[in-house]
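K.L.:
pasted the sequence and its predicted model underneath.
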Amino acid sequence: MAQFMRESDALSWYLEGDPVLRSTVVAVAWLDRGPVWETFAGKVEQATRFLPAFRQRVVELPARLTGPRWAVDPEFDLAWHLHRMDAPAPHGPEVVLELARREAMTGFDRSRPLWQFTLVEHLEGERAALVMKLHHSLTDGVGAMQLAVRLFDDRRAPGRGAIAPPAPEGESPAPVGLVAEQLRWRWTRATRVAGSQLRAAAPAAVATARRPGRSARAALDTARSIGRTVAPVRATLSPLMTARGRGRYLDVIEVGLEELKDAAAAAGGSVNDGFLAAVTGGLRRYHEQRGAVVEHLRVMMPISIRRPEDPIGGNRITLMRFTVPVGEPDPRLRIAAIERRCRIARDERSLAYTNAIAGALILLPPAAVGSLFKRVDFVASDVPGFTAPVYLAGAEVERYVAFGPTTGTAFNVTLLSYRGRCNTGVTIDTAAVADPDALVGCLRAGFDEVLALGSGRRAVRAAVATPRAPAGPGARP
């Protein structure tokens, strides 16, 4: 059966006609040495056999006669996707961030598979870095960590691993065939959905007969939840971060995972709550320094809807928008308020209808849909990563950072944990934030404020610091 894009992925695909709304994800693995190139290239080639999406391109007909469909690229060329380069002067982490910044601002060749890896060699101390650029339709954050298992090893000497399947044959679907495939795909899916609804119909009917008032309230609550999810946003809540553009600025904030967890727990929150409290505290400082007072800002937070039976990789998230308390100066109270709001967002009834909502939004003019994102203030995401050291073709990964797309907002902050450290990648729209260095400085101060709830030690590190991970693997709640 042909694999068409889920409606939520197709929506982001169509919106990319506006470069401000691109869904490009960039991740960077800093390495203690250069990996063995032939071994590394071989691992990537084998990974593309285990993970067919990395050999697939997107095909579609004009005027959206069919939805976007994944097809194995008959001209797949690993050399197009895999590059190596010598680090330019001054050979420090800043040159890697500059490459990552350029990748974040550059679109994909939409006729080829949507990924590119660049190995940067001969950094200072003979270190190296791998810059990985992916389209968000390939995978979400959790899926990306599942995919990384195919690329990285748990020891410096690479193991033999499983025998890779044969390379898939290329596909060049004809226009008439695409239409027929989509009709069959829609029919199969509709039949599957109808079957599941029929299986649930009898108990639902009994419940309605027994408690008609409760069932009516549940239906009304679902409708209201969907309404909140698609409600138009008329303006940003920030009076400063209002413009949107194509320029990007990248930086990294590093803190200890256990320190952040302990600090958040002191206020009854999780790592994610402490993370958001640090970001909102930084935003309060940034606005106050510029003479602006804000009580709340609107965040867009990816929420995973991945199920155990879902395939490895893939995109299984939905984006929820809600306000967070920026004006609250007490980090304890801010963490408590954020915990409540995140819990409400994760319990929204509309989550079950993510694809149906996206399918409806596809029918609207792109400019109208784009406004749902461009008037949100920022994106925040928290992704659990590896707890133990991992290696790439003989090189140890010292630090792992992800830079998420701004998706039309002023900036994206993505926390990815690795070996007991939390690395927060910050991607800033330079049209929205006139002084990105100042914003990052305020965010670091926000983390200091939250960490003080725990041990009281300042553990925020700058992007150019070389991480020193604890001896044992960390643990993620």
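P.N.:
Right, received. Where do you want to start?
K.L.:
residue 241 - how many residues pack around it?
P.N.:
Other residues near residue 241 come to 26 when the count uses other CB atoms under 10 Å. Where C-beta positions appear, they are placed from N, C-alpha and C, glycine not excepted.
K.L.:
could you list every residue that touches residue 442?
P.N.:
Residue 442 makes contact with 282, 283, 285, 286, 289, according to CB atoms under 8 Å, 6 or more residues apart in numbering.
K.L.:
and it, what pLDDT?
P.N.:
Residue 442 is assigned a predicted lDDT (pLDDT) of 98.
K.L.:
I'd assumed it was in a helix, is it?
P.N.:
Yes: assigned with DSSP: H, G, I helix; E, B strand; the rest coil, residue 442 falls within a helix.
K.L.:
where in the stretch 301-450 of the chain is pLDDT low?
P.N.:
For the stretch 301-450 of the chain, applying pLDDT under 70 flags the ranges 305-317.
K.L.:
hmm, try it at 50
P.N.:
Judged by pLDDT under 50, the stretch 301-450 of the chain has no weakly predicted residues.
K.L.:
show me where it has its strands.
P.N.:
Secondary structure of the stretch 301-450 of the chain, counting by DSSP state E, counting those that start in this stretch: strands at 317-325, 378-383, 391-392, 395-403, 411-418, 421-429.
K.L.:
the helices in the protein, which residues?
P.N.:
Counting by DSSP state H, one finds helices in the chain at the ranges 7-15, 37-50, 78-81, 93-105, 141-151, 175-210, 212-230, 257-266, 271-289, 331-346, 354-362, 366-374, 436-451.
K.L.:
same list (the strands of the stretch 301-450 of the chain) but as JSON lines, adding distance to residue 31.
P.N.:
Formatted as JSON lines, these follow (distance: least, CB to CB, whole Å):
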{"stretch": "strand 317-325", "distance to residue 31": "28"}
{"stretch": "strand 378-383", "distance to residue 31": "20"}
{"stretch": "strand 391-392", "distance to residue 31": "6"}
{"stretch": "strand 395-403", "distance to residue 31": "4"}
{"stretch": "strand 411-418", "distance to residue 31": "13"}
{"stretch": "strand 421-429", "distance to residue 31": "14"}
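K.L.:
can I get those in JSON lines with distance to residue 302 and mean neighbour count?
P.N.:
Below are these laid out as JSON lines (distance: least, CB to CB, whole Å; neighbours: other CB atoms under 10 Å):
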{"stretch": "strand 317-325", "distance to residue 302": "4", "mean neighbour count": "20"}
{"stretch": "strand 378-383", "distance to residue 302": "5", "mean neighbour count": "23"}
{"stretch": "strand 391-392", "distance to residue 302": "26", "mean neighbour count": "22"}
{"stretch": "strand 395-403", "distance to residue 302": "12", "mean neighbour count": "23"}
{"stretch": "strand 411-418", "distance to residue 302": "9", "mean neighbour count": "25"}
{"stretch": "strand 421-429", "distance to residue 302": "14", "mean neighbour count": "26"}
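K.L.:
any idea how far residue 95 is from the nearest residue to residue 91 once chain neighbours are set aside?
P.N.:
Of all residues not flanking residue 91 in the chain, residue 124 sits nearest, at 4.6 Å (CB to CB, 6 or more residues apart in numbering). Residue 124 sits 10 Å away from residue 95, going by CB to CB, to the nearest Å.
K.L.:
and these two? Which one has more around it.
P.N.:
For residue 124 versus residue 95, neighbours defined as other CB under 10 Å are more numerous around residue 95 (18 against 12).
K.L.:
so how far is residue 33 from that one?
P.N.:
According to CB to CB, residue 95 and residue 33 sit 17 Å apart.
K.L.:
just give me the neighbour total for residue 44.
P.N.:
Residue 44, neighbours per other CB under 10 Å, totals 19.
K.L.:
which residue sits closest to it, ignoring its sequence neighbours?
P.N.:
residue 82 (5.8 Å).
K.L.:
is the one you found in contact with residue 41, as I believe?
P.N.:
Yes: using CB atoms under 8 Å, residue 82 makes contact with residue 41 at a distance of 6.1 Å.
K.L.:
ok, now which ones touch the residue nearest to residue 91?
P.N.:
90, 91, 92.
K.L.:
do residue 393 as well
P.N.:
Here residue 393 is in contact with 35, 36, 37, 39, 40, 43, 158 (CB under 8 Å, 6+ apart).
K.L.:
would you mind measuring from the closest residue to residue 58 other than its chain neighbours to residue 22?
P.N.:
Nearest non-adjacent residue to residue 58, counting by CB to CB, 6+ apart: residue 68, 4.9 Å away. Distance, residue 68 to residue 22, using CB to CB: 15 Å.
K.L.:
looking at the two, which one has more neighbours?
P.N.:
In this view residue 68 and residue 22 are compared by other CB under 10 Å, and residue 22 has more residues nearby, 23 against 19.
K.L.:
quick one: that one and residue 110 touch, right?
P.N.:
No: Residue 22 is not in contact with residue 110 according to CB under 8 Å; the separation is 11.5 Å.
K.L.:
tell me the two of the contacts of residue 393 that are most distant?
P.N.:
Of all pairs drawn from these, the greatest distance, 12.9 Å, lies between 37 and 158 (CB to CB).
K.L.:
so where's the stretch 101-250 of the chain shaky on pLDDT?
P.N.:
Checking the stretch 101-250 of the chain against pLDDT under 50 turns up 193-209.
K.L.:
if we use 80, what do you get?
P.N.:
Applying pLDDT under 80 to the stretch 101-250 of the chain flags residues 139-147, 149, 159-162, 172-221, 225-232.
K.L.:
related to what we said a few turns ago, of the contacts of residue 442, closest to residue 337?
P.N.:
For these, the closest approach to residue 337 (CB to CB) belongs to residue 283, at 14.3 Å.
K.L.:
what's around residue 125, how many residues?
P.N.:
Using other CB under 10 Å, residue 125 is surrounded by 11 other residues.
K.L.:
now swap in residue 301 and tell me
P.N.:
With other CB under 10 Å as criterion, residue 301 counts 22.
K.L.:
any idea how far it is from residue 295?
P.N.:
Per CB to CB, residue 301 is found 19 Å from residue 295.
K.L.:
got it, and residue 379?
P.N.:
Separation of residue 379 from residue 295 (CB to CB): 20 Å.
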